[in-house]
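J.: I need the structure of the sequence given here:
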Amino acid sequence: MKNINLSLLILVMLSTTLFAQRDKWQDEEAREKFEQLEKIKLIETLEMDEETTLRFFARRSEHRKQQDEIQENIRQKIDNLDVIFKSGRVATVDEIKSDVNEINNLQLQFDKGRVDFVSSLSDILSYEQIAKLIIFEKRFRNEVRKLLIKDRRPPIDPE
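T.: Down below sits the predicted model:
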């Protein structure tokens, strides 16, 4: 319990620092600190030993690299469509349909990659740990989203 409270305190302090520097969120150093915090919390949540931790994060790193590539391809396709519409260039229905289908296929590939990754963890983690991982990732994303939304709200001026 003490570790969880300490982790949450670190998360709040780090996120306050990160969110106060919104323009620097794309900064690699800030991203690294955020990922380190996530790793620490994950290790605590899953109660992994050193060997398991190394194997898990090596596999997770490879998975994230593949997912990042897919997301980049999706972004490129969407940007391509955006350029077409903003430039006023008349695109054929087949051209637009092709890009939309590619985006959908890439999204399916992204989702399948996630499912495959979670399934592949059974040789490293117990099913209880896999379940905790799924819960952790959902909660962690929600916490970060809430902090981002809270930070972006304009202050209410008392009159």
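J.: any idea which helix is longest in the chain?
T.: helix 50-87 (DSSP state H).
J.: within the helices and strands, which one has the most centrally placed residue in the chain?
T.: Most central in the chain under CA atoms, centre = their mean is Arg141, positioned 7.4 Å from the mean C-alpha point. Using DSSP states H and E, Arg141 sits in helix 127-152.
J.: break the chain down into its structural domains.
T.: As given by automatic domain parsing, the domain ranges for the chain are 1-48+126-153, 62-124.
J.: for Val83, see how far away the residue nearest to the centre of the chain is.
T.: 30 Å (CB to CB, to the nearest Å). Every residue, glycine included, has its C-beta placed from N, CA and C.
J.: could I get the CA-only coordinates of the helix or strand that contains Phe34 as CSV?
T.: Applying DSSP H and E as the criterion places Phe34 in helix 28-46. Provided in CSV are the C-alpha atoms of helix 28-46 (Å, rounded to 0.1, in the frame of the first residue of the first chain):
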residue,chain,number,x,y,z
GLU,A,28,11.8,13.2,-25.8
GLU,A,29,13.1,13.7,-22.3
ALA,A,30,9.6,14.3,-20.9
ARG,A,31,8.3,11.3,-22.7
GLU,A,32,11.1,9.1,-21.3
LYS,A,33,10.3,10.2,-17.7
PHE,A,34,6.7,9.5,-18.2
GLU,A,35,7.4,6.0,-19.6
GLN,A,36,9.8,5.3,-16.7
LEU,A,37,7.1,6.1,-14.3
GLU,A,38,4.7,3.9,-16.1
LYS,A,39,7.3,1.1,-16.0
ILE,A,40,7.8,1.4,-12.3
LYS,A,41,4.1,1.3,-11.6
LEU,A,42,3.7,-1.7,-13.9
ILE,A,43,6.5,-3.6,-12.2
GLU,A,44,4.8,-2.9,-8.8
THR,A,45,1.3,-3.8,-10.1
LEU,A,46,2.4,-7.1,-11.7
